[in-house]
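In: just coords:
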């Protein structure tokens, strides 16, 4: 593959990469910090509720982190 073709392919993949990075980072947070790498319950409903609550907690954590960063920028 030539350098020009690689550059073109990179430019075509860039928007997908940006979206994929946001999604993958969120799932990494859920799996590592919230220890949700495996399902713990028998039954689809309980697992779904557990995952939904975990996602809400992850969103709240990310929101709080963004608020703290904004406060630091504001205080500078």
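Out: Good, I have the coordinates. Source: prediction; values computed, not measured. Numbering: from 1, shown residues only.

In: From the contact counts, what lies against the helix ranked longest in the chain?
Out: Longest helix of the chain, by residue count under DSSP state H: helix 44-75. With contacts taken as 3 or more CB pairs under 8 Å, 6 or more residues apart in numbering; DSSP states H and E, helix 44-75 sits against helix 3-32. Where you see a C-beta, it was placed from the backbone N, CA and C, and this is true even at glycine.

In: Which residue, neighbours along the chain excluded, lies closest to the residue nearest to the spatial centre of the chain?
Out: The residue lying closest to the centre of the chain (CA atoms, centre = their mean) is residue 26, at 1.7 Å. Nearest non-adjacent residue to residue 26, counting by CB to CB, 6 or more residues apart in numbering: residue 58, 6.4 Å away.

In: Show the pLDDT at that neighbour.
Out: pLDDT recorded at residue 58 is 93.

In: That one touches residue 34, doesn't it?
Out: Yes - using CB atoms under 8 Å, residue 58 is in contact with residue 34, at 6.5 Å.

In: between these two, which one's more packed in?
Out: When residue 58 and residue 34 are compared for neighbours, residue 58 comes out ahead with 17 against 13, by other CB atoms under 10 Å.

In: what about the more buried one, distance to residue 20?
Out: 17 Å (CB to CB, to the nearest Å).

In: Over to residue 61?
Out: From residue 61 to residue 20 the distance is 21 Å (CB to CB).
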